[in-house]
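Participant: Sequence first, then the predicted structure, then my questions.
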Amino acid sequence: MSSFAEKMIRWQESYGRHHLPWQNIRDPYVIWVSEVMLQQTQVTTVIPYYLRFLQRFPDLNSLASASLDEVLAQWSGLGYYSRGRNLHRTAQLIVRDHQGIFPEKVEVICQLPGVGRSTAAAIAVFAYGARCAILDGNVKRILARCFGIERYPGERKIEALLWQKAQELLPEQGEKDVNGGIEAYTQALMDLGATVCTRIKPKCAICPLQSDCTAFRNDAVGRLPAPKPRKPMPERETVLLMLMAQGKILLEKRPARGIWGGLWCLPEMPVSENAIEYCARHFGMEVQPLPPRIPSFVHIFTHFRLRIHPHPLQLNLSSSATTGDHIGVERMWTTLADALTVAIPAPVAKLLNMAVASRNA
DNA sequence: AAACCGGGGAC
DNA sequence: GTCCCAGGTTT
């Protein structure tokens, strides 16, 4: 029965990546550069940039004394340029405040611009062999699956739990010397996450943690880690006027751009308005409510929910049915049956069908 | 087009 | 502290 860390370290020995350009180097400067480049960027993308960057800026002093423009030129194409700016700024900060010596304590490393808790831990591990836990996207995914954590890992309490797990799972001192210790273990997490415990199509069949993995046991690998909860879409409201006269209903053509672009639609009115006044003002029509009242309903769009308040109205006989004040807005009076044959949005079709049904009732 | 991502900044 | 986003890439 071997521990989590032992399994990971053994797996790393046989199946992990051992010849990445920043491996087997103890220089905190190059490890720092590589870890920052590896934030949100895959290994294969990073490698050529890393090699060029180190050729041009082989040590901290060369980076600190370069111009920002030159640093960004080297960074060009890698994306997330604030990383490049922070790298340059940090190099100058280390020269100024730390006598040009890269800090050794993880608490200090963590304060460097562009270096957070996980990146600081990775640097401390690979540069100094410190026994620190990392928790990047790969590790979150591994732990969420292994421990069957159902909630979104970005939640504050869940993230705190994951940090705690990550800390607890670190190899013991005894496990250290034999197998390459904390460095191999940390690299194992990164490599397993990148090559086996991937977000989609994970290779559970060859995973060293299969027998420990709660998600695998429960056939839950596909839905863990839980995705970020979609923030509830904003809800908007509108009134759709169902203006009826002599068996016909008034439709308006929507502007080409925007919601329901170019479709025929019921006239839209802000919920803050009074329908009778609004019709008088906009259409020059005298109207009265036309029972029955239709309950409001919600229509779902990609970016928002639209609560639609249908408002059936009868045009008074004495009133004109032809006037309008919106220059350029096409309008037509049409039978319900004909309205259903032209291009109309789904919720409008629903309302027209309801109107047909209530008339036939 | 939708999900994802470490750090940073706003509060 | 805590919440949320800018700025990108990947699927």
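Facilitator: Nice, I can see it.
Participant: Find the closest residue to DNA strand B in chain A.
Facilitator: Using CB to the nearest atom of the strand, the single residue of chain A nearest to DNA strand B is A:Gly116, 2.0 Å away. (Glycine included, C-beta is placed from N, CA and C.)
Participant: Which stretches in the stretch 201-350 of chain A count as helices?
Facilitator: Counting by DSSP state H, counting those that start in this stretch, one finds helices in the stretch 201-350 of chain A at the ranges A:214-217, A:275-283, A:336-339, A:346-360.
Participant: which stretch among those comes nearest DNA strand C?
Facilitator: helix A:214-217 (18.4 Å).
Participant: So which bits of the closest one are buried?
Facilitator: Within helix A:214-217, the residues that count as buried by 16 or more other CB atoms under 10 Å are A:214-216.
Participant: Would you mind listing where the stretch 101-250 of chain A has pLDDT under the threshold?
Facilitator: A:174-180, A:231-234 (pLDDT under 70).
Participant: near DNA strand B, which residues of it show up?
Facilitator: Counting by CB under 7 Å from any atom of the strand, the residues of the stretch 101-250 of chain A close to DNA strand B are A:113-120, A:136-138, A:140-141, A:199, A:225, A:227-228, A:230.
Participant: For stretch A:158-169, buried residues please.
Facilitator: Residues of stretch A:158-169 classed as buried under the neighbour-count rule (16+ other CB under 10 Å) are A:158, A:161-163, A:165-166, A:169.
Participant: ok and the residue in chain A nearest DNA strand C?
Facilitator: Of chain A, the residue with the smallest distance to DNA strand C, taken as CB to the nearest atom of the strand, is A:Gly79 at 2.8 Å.
Participant: My read is that that residue contacts A:Thr41, right?
Facilitator: Yes. A:Gly79 sits in contact with A:Thr41 when judged by CB atoms under 8 Å, with a separation of 6.9 Å.
Participant: between those two, which one's more packed in?
Facilitator: Here A:Gly79 and A:Thr41 are compared on neighbour count by other CB atoms under 10 Å; more neighbours surround A:Thr41, at 15 against 11.
Participant: quick one, what contacts the more buried one?
Facilitator: Contacts for A:Thr41 were tallied using CB atoms under 8 Å, 6 or more residues apart in numbering; they are A:78-80.
Participant: and it, what pLDDT?
Facilitator: Model confidence at A:Thr41, given as pLDDT, is 92.
Participant: returning to what we had before: which of the helices of the stretch 201-350 of chain A has the lowest mean pLDDT?
Facilitator: Ranked by mean pLDDT, the helices of the stretch 201-350 of chain A end with helix A:346-360 in last place, scoring a mean of 88.
Participant: Give me the buried positions along that helix.
Facilitator: Counting neighbours by 16+ other CB under 10 Å, helix A:346-360 gives A:347-348, A:351-352, A:355 as buried.
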